[in-house]
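Novice: structure for this input, please:
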Amino acid sequence: MTTISSHLDAVRNHLPEPDTELVTPAEAADRILAEDIRAAQDSPLFDNSQMDGYAIPGTGGEYQVGPTVAAGADPGPLDNLAAPVMTGAKVPPGTHAIVPVEKCDPSEFLEPGATIRVPETPQGQFIRTRGSDAQQNDLLLPAGSPVTPAGVGLLISQGIEQVRVNTRASILIVTGGAEVGTHITDSNSPMLTALAHRHGIDVAGHVLTDDDPVALREALARGVDKHRPDVIVTSGGISAGKFEVVRQVLDGWFGHVDMQPGGPQGLASFDGVPAVCLPGNPISTLVSFRMFVAPVLGHAPSPVRTVLTEEREGLPGKEQLLRGTLTTEGVTPVGGTSSHLLAQGAVADCLIRIPAGATVGAGEFVTVYPL
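Specialist: Reported below is the predicted structural model:
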């Protein structure tokens, strides 16, 4: 039995380990970290104010106004004064709390020597304490995770100038069939290109073939020589039909994974380049890429557990990956189950995994793969 999990393991073993490179934090956006990132310093680096307000030395009452503390200033002790302090500025030594200026009487910043009245205030209010976000040597970002926009800001705020990331994998996409261009358009190639870009994979080029194995062999040889891809990703031509051209040209394993859609799968090679061979029906291609290519060559969101909003009955002997939409209420299947129903699946934002032979009732938990 070839399960989804076992085939994913086989794909990982079939493809080469990614190379790594050093890049700047800005260049690391949407890249996969090849090493753990630890805090180089405490964050925040010093106690600072969360508000524009007054730093006060006690719980409340009347205080004489002291010098203003601007962001970037290095203030002295409060000395029983109420100091106007700006957002992000260092908190003066001896500060009990920060009181927003609009909560004071009068609700404005006064000149030094004036008197300000502040309400009773709990200790530590609106003070961002040193190290409250992260402390030196804390694990900030683990190896294997993508660098988000917030992650870019975090790296820069830590003074980190270079990080080691996985080199982006490049793929050569192979799609086609004798019917493409005559009876139907090639939708799989642009779909695979969009999927690759979404999951952080570069597309080196595209080979379009018909059902002639000689023509495919020649086109593949030209494509590999020109684009030097890390991996070939094919769509179609691997089932048991008479004109399964990919299966005829590439050397490797071709078989079935116990899943629907996307049962036919292949792992092969051509001219020393590993190939992942996907079924050709559009939804089968999409599902297979998300399950087996994206998490290995690029990055894909981790699966989540949520409740199914309506009952679904699984298939005997194979797991089913339904298209669905995620909401705060759970996940709802959309469209039919057939692998050609691209229009019905276009609104889906996730795949719902239904175990083989199981009936999953409304309100029961299922595993969901965000697209």
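Novice: the residue nearest the centre of the chain: what's it in contact with?
Specialist: In the chain, the residue lying closest to the centroid (C-alpha atoms, centre = their mean) is Pro301, at 4.9 Å. Taking C-beta atoms under 8 Å, 6 or more residues apart in numbering, we find Pro301 in contact with Tyr369, Pro370. In this view, the C-beta of every residue, glycine as well, is placed from N, C-alpha and C.
Novice: mind doing that once more with 7 Å?
Specialist: By C-beta atoms under 7 Å, 6 or more residues apart in numbering, the contact set of Pro301 is Pro370.
Novice: please renumber the chain so that the first residue is 644 from this point on.
Specialist: Okay, using 644 as the starting number, the last item reads as Pro944.
Novice: name the SS class of it, please.
Specialist: Following DSSP: H, G, I helix; E, B strand; the rest coil, the label given to Pro944 is coil.
Novice: wait, Pro735 touches Asn723, no?
Specialist: No - counting by C-beta atoms under 7 Å, Pro735 does not reach Asn723; the two are 11.3 Å apart.
Novice: tell me which of those two has more neighbours.
Specialist: Pro735 (24 against 12; other C-beta atoms under 10 Å).
Novice: which SSE is the more buried one in?
Specialist: Of the helices and strands defined by DSSP states H and E, none includes Pro735.
Novice: now it: phi and psi?
Specialist: Per-residue torsions, Pro735: phi -60, psi 140 (degrees, to the nearest 10).
Novice: now it: closest residue in space, sequence neighbours ignored.
Specialist: Take Pro735 and drop its neighbours on the chain: the residue closest to it by C-beta to C-beta, 6 or more residues apart in numbering is Pro718, 4.1 Å away.
Novice: wait, that neighbour sits on Lys733?
Specialist: Yes - assessed by C-beta under 7 Å, Pro718 is found in contact with Lys733 at 5.8 Å.
Novice: overlap in contacts, these two.
Specialist: Val712.
Novice: if I look at Thr702, how far off is Arg760?
Specialist: 13 Å (C-beta to C-beta, to the nearest Å).
Novice: residue ranges with poor pLDDT in this protein?
Specialist: Within the chain, the stretches with pLDDT under 70 are 820-828, 883-886, 979-988.
Novice: how is it divided into domains?
Specialist: Domain assignment for the chain by automatic domain parsing gives 647-662+810-940, 664-682+784-809, 689-772, 947-1013.
Novice: most packed of these?
Specialist: domain 647-662+810-940 (a mean of 19; mean count of other C-beta atoms under 10 Å).
Novice: contacting residues around the nearest residue to Asp679 once chain neighbours are set aside?
Specialist: Closest residue in space to Asp679, ignoring its immediate chain neighbours: Ala786 at 5.1 Å, by C-beta to C-beta, 6+ apart. Contacts for Ala786 (C-beta under 7 Å, 6+ apart) come out as Leu676, Ala677, Glu678, Asp679.
Novice: ok, of those, which one's closest to Gly957?
Specialist: Comparing the contacts of Ala786 against Gly957 with C-beta to C-beta places Leu676 closest, at 36.7 Å.
Novice: the nearest residue to that closest one once chain neighbours are set aside and Arg771, how far apart?
Specialist: Spatially, and ignoring its direct neighbours in sequence, Leu676 is nearest to Ala786 (5.2 Å; C-beta to C-beta, 6+ apart). Per C-beta to C-beta, Ala786 is found 29 Å from Arg771.
Novice: helices or strands up against the helix ranked longest in the chain?
Specialist: Longest helix of the chain, by residue count under DSSP state H: helix 856-870. Contacts defined by 3 or more C-beta pairs under 7 Å, 6 or more residues apart in numbering; DSSP states H and E place helix 856-870 against strand 813-819, strand 845-852, helix 888-892.
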